[in-house]
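K.L.:
just the structure for this:
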Amino acid sequence: MRWILAPLKIVYLVWAALTFLIIMLLVLPFVVVGSLFGKIKGGNFIFRMCMIWGDCWFFLIGIRQKNIYEVPHDKNAHYIFVANHISYLDAPIIVKAVRQPIRVLGKIEMGKIPIFGYIYKRAIVTVDRSSAENRAKSVRVLKSVIKKGISIFIFPEGTFNEQHTPLKSFFDGAFKIAIEAQVPIKPILFLDAYDRMNYKSVFSLSPGKCRAVYLAPISVEGYTMKDLDRLKQEVYKVMELKLLEYNASWVQEYQVKEKEVNNAK
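P.N.:
Numbers count the residues shown, from 1 in each chain. Modelled structure (predicted):
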C-alpha cells in the first residue's frame with residue numbers, strides 16, 4: 001500500500017512547493033511597496049499580505065484552518081500571544097490563526113533564504129538567540145511595537161519541542177515584556193501542526209484539519225519582575241493542561257511510549 005501512495009505523496013509535495021513559491025512571488029511586489037510606508041503602516045500592510053498568502057496556500061494544499069475561541073476574543077485589544085512550537089508549519093499557521101496586526105519574533109536564520117527572506121525580515125522581528133546583544137535589541141523593538149498598540153507573537157519555548165512532552169521549558173522574554181508593558185498574555189494552542197508537518201522533516205506535509213485554540217487571556221496587572229517566574233509557570237501550566245485536555249497527538253505518542261516502558265519493567 002505504501003508504494004502506491006508514495007507517488008501521490010511526491011506529487012502533493014511538488015504541488016505544495018510550487019504553489020508556495022508562486023504565491024510568494026505574487027505577494028512580493030506588494031511587500032516591496034508596503035516596505036516604503038514605514039515600520040507601522042507598512043508592517044501592518046505586509047502582514048495582511050502574508051494573511052492572503054496563507055489563505056491561498058492552505059486552500060490549495062488542502063489544509064483546513066479552524067480557530068476555536070474558549071472565550072470571546074477582542075481583535076481590537078492588543079496582547080502578547082504565545083503558542084506551542086513543534087512544527088515547520090507554525091509560521092504559516094500564525095497568519096491563519098491571528099487575524100489582527102501583530103509582529104512575530106522569529107529566528108534570524110530564516111531571513112537568509114532567497115526571496116522568502118526578504119518578505120520574512122519585513123514581516124517579523126528577527127532574533128539571533130546566540131547573541132545576547134541581538135536578543136536585547138529584539139526585545140527593545142518588541143517593546144516599541146507594543147507601545148504603538150500592536151500585538152506581538154512569541155514562541156516561549158524558543159525552539160521545536162522534540163521531547164514529546166506537552167511543552168518544553170519557557171524562556172523569560174515574552175513574560176518580561178508583558179510585565180514591563182502591562183499587556184496581558186494570550187495563549188494559543190496549535191493542536192494539529194505536528195500532524196500536518198512535524199519538526200522531523202518538511203516532507204511530512206499532509207492535508208487535513210489544523211486547529212488553533214485561543215485560551216483566556218492572563219492578566220499581568222500589578223505584576224512586577226519579582227513575579228516573573230510565577231507568571232511563566234502560570235502560563236505554562238494553563239497551556240500544558242489544555243494540551244492534555246485536547247489530547248494533542250505528540251502528547252499521545254509520549255504517553256504510549258511511557259506506558260510501553262513501564263509495562264516492560
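K.L.:
what about the stretch 1-150 of the chain, any weak spots by pLDDT?
P.N.:
Flagging of the stretch 1-150 of the chain using pLDDT under 70 yields the residue ranges 1-5, 128-131.
K.L.:
what about the helices in it?
P.N.:
In the stretch 1-150 of the chain, the helices defined using DSSP state H, counting those that start in this stretch lie at 2-34, 43-61, 90-97, 116-123, 132-147.
K.L.:
what helices or strands is the longest one leaning on?
P.N.:
So the one you mean is helix 2-34. Applying 3 or more C-beta pairs under 8 Å, 6 or more residues apart in numbering; DSSP states H and E, one finds that helix 2-34 contacts helix 43-61, helix 116-123. Just so you know, the C-beta spots here come from the backbone N, C-alpha and C atoms, and that holds for glycine as well.
K.L.:
wait, doesn't R122 sit right on I46?
P.N.:
Yes: judged on C-beta atoms under 8 Å, R122 makes contact with I46 at a distance of 5.4 Å.
K.L.:
neighbour count: these two, which is higher?
P.N.:
I46 (24 against 19; other C-beta atoms under 10 Å).
K.L.:
the more buried one is in contact with V32, isn't it?
P.N.:
No: the pair I46 / V32 is not scored as a contact, 9.6 Å apart, by C-beta under 8 Å.
K.L.:
that older thread, out of the helices of the stretch 1-150 of the chain, the one nearest P187 is which?
P.N.:
Nearest to P187 among those is helix 90-97 (12.0 Å), distances taken as C-beta to C-beta.
K.L.:
centre of the chain versus the closest one, how much separation?
P.N.:
6 Å (C-alpha atoms, centre = their mean, to the nearest Å).
K.L.:
report the angle between the axes of it and helix 43-61?
P.N.:
100 degrees (axes from the mean of the first three to the mean of the last three C-alpha atoms, to 10 degrees).
K.L.:
tell me which residues in stretch 224-239 are buried?
P.N.:
The neighbour-count check on stretch 224-239 (16 or more other C-beta atoms under 10 Å) flags L231, K232, E234, V235, Y236, V238, M239 as buried.
K.L.:
with adjacent residues omitted, what lies nearest to the first one?
P.N.:
Of all residues not flanking L231 in the chain, F175 sits nearest, at 5.0 Å (C-beta to C-beta, 6 or more residues apart in numbering).
K.L.:
just the fifth one next, same as before
P.N.:
Using C-beta to C-beta, 6+ apart and skipping the chain neighbours, the partner closest in space to Y236 is F170 (5.6 Å).
K.L.:
name the helix or strand for the one you found, please.
P.N.:
Using DSSP states H and E, F170 sits in no helix or strand.
K.L.:
any idea how far it is from K148?
P.N.:
To K148, F170 is 25 Å away according to C-beta to C-beta, to the nearest Å.
K.L.:
what kind of secondary structure is the spatially closest residue to Y79 that is not a sequence neighbour in?
P.N.:
Among residues not flanking Y79 along the chain, K186 sits closest, at 3.8 Å (C-beta to C-beta, 6+ apart). Using DSSP: H, G, I helix; E, B strand; the rest coil, the secondary structure recorded for K186 is strand.
K.L.:
bridged to K186, which residues?
P.N.:
F81 (DSSP bridges).
K.L.:
contacting residues around it?
P.N.:
H73, Y79, I80, F81, V82, S151, Y214, L215, P217, I218 (C-beta atoms under 8 Å, 6 or more residues apart in numbering).
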